[in-house]
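Asker: based on what follows, work out the 3D shape:
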Amino acid sequence: MAKRLLLGLIVLGVALGVVALTRDDVAPVNGLVRVDELGYSPGETKIAYLMTRAPAPPFRSAVAPVSKAELGRSYHRSCPVGAPELRLLRLSYWGFDSRAHTGSLVVRRRAVADLRAVFARLYTRRFPIRRMEPIARYRGSDNASMAADNTSAFNCRYAVAPGPRRWSAHAYGDAIDVNPVENPYVLGGRARPPAGASYIDRAKVRPGMALRGGVITRAFAAVGWQWGGRWYGSPDYQHFSATGG
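Answerer: Got it, this is the predicted structure:
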């Protein structure tokens, strides 16, 4: 049945004049539909998704200082960086509803240029993101933010990984978690958040997933950021950082 459905989609694509792209580039076809390469499976099998070709607004970004009051419970006096080192970055992103949205991230000042470049690329490729809000909206709760499938960056907290207590890269504004449900942190064989359990199997590729050799991992690698999905034993598929931690 699945094979017949796949064959039917291929036939429909040919009838519409859809051409599968073999590069990361994206191009309209007939002004109606497009095929956008979103990534690869762990077995390096290329996948493609039909995306609506509705006109998208241009990518936009803006940066502003952020106050301690705006940081709310995501910040406290003992944080390793002060509020003057942080910035509120507003960015366009492409949603799972195939529409353009504007989200916000709190990041370290030195990370602004890198993240602008990454999200401009993801927007152009129409890589879907569920939501993008500062973690202060979730009262500084990493668990609540992940459960909402929220993409976030700065949060003054300690690392969850086993070992000596240490600050997370998020506490410096040098890390970002993208689509936590689709990209869970797998610790002790369990998914964080729990809703990401069905996504532990990375061979079953679905939209919004960060994959080895995929669009999002290449976008971050292009600015020198490292992916937690490569961590041995406890992969953190949602996590990208400037420091590798």
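Asker: how far does stretch 77-95 sit from the chain's center?
Answerer: 16 Å (Cα atoms, centre = their mean, to the nearest Å).
Asker: show me where this structure has strands.
Answerer: Ranges of strands in the chain, per DSSP state E, are 33-40, 46-52, 61-65, 86-94, 100-108, 131-132, 150-151, 175-177, 185-187, 190-192, 226-227, 239-241.
Asker: out of these, nearest to Arg218?
Answerer: strand 33-40 (8.8 Å; Cβ to Cβ). The C-beta positions use only the backbone N, C-alpha and C, and glycine is treated the same way.
Asker: format the strands of the chain as TSV; extra columns: mean pLDDT.
Answerer: Shown next, in TSV, are the strands of the chain (pLDDT from 0 to 100):
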stretch	mean pLDDT
strand 33-40	42
strand 46-52	47
strand 61-65	98
strand 86-94	97
strand 100-108	98
strand 131-132	98
strand 150-151	98
strand 175-177	98
strand 185-187	95
strand 190-192	96
strand 226-227	98
strand 239-241	98
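Asker: among the ones you listed, which is nearest Arg125?
Answerer: Nearest of the strands of the chain to Arg125, taken as Cβ to Cβ: strand 33-40 at 5.9 Å.
Asker: re the thing from before, can you put the strands of the chain in JSON lines and add distance to Gly213 and mean neighbour count?
Answerer: JSON lines is the format used below for the strands of the chain (distance: least, Cβ to Cβ, whole Å; neighbours: other Cβ atoms under 10 Å):
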{"stretch": "strand 33-40", "distance to Gly213": "4", "mean neighbour count": "20"}
{"stretch": "strand 46-52", "distance to Gly213": "9", "mean neighbour count": "15"}
{"stretch": "strand 61-65", "distance to Gly213": "26", "mean neighbour count": "13"}
{"stretch": "strand 86-94", "distance to Gly213": "20", "mean neighbour count": "21"}
{"stretch": "strand 100-108", "distance to Gly213": "25", "mean neighbour count": "20"}
{"stretch": "strand 131-132", "distance to Gly213": "24", "mean neighbour count": "20"}
{"stretch": "strand 150-151", "distance to Gly213": "21", "mean neighbour count": "24"}
{"stretch": "strand 175-177", "distance to Gly213": "19", "mean neighbour count": "26"}
{"stretch": "strand 185-187", "distance to Gly213": "19", "mean neighbour count": "20"}
{"stretch": "strand 190-192", "distance to Gly213": "22", "mean neighbour count": "18"}
{"stretch": "strand 226-227", "distance to Gly213": "11", "mean neighbour count": "22"}
{"stretch": "strand 239-241", "distance to Gly213": "15", "mean neighbour count": "25"}
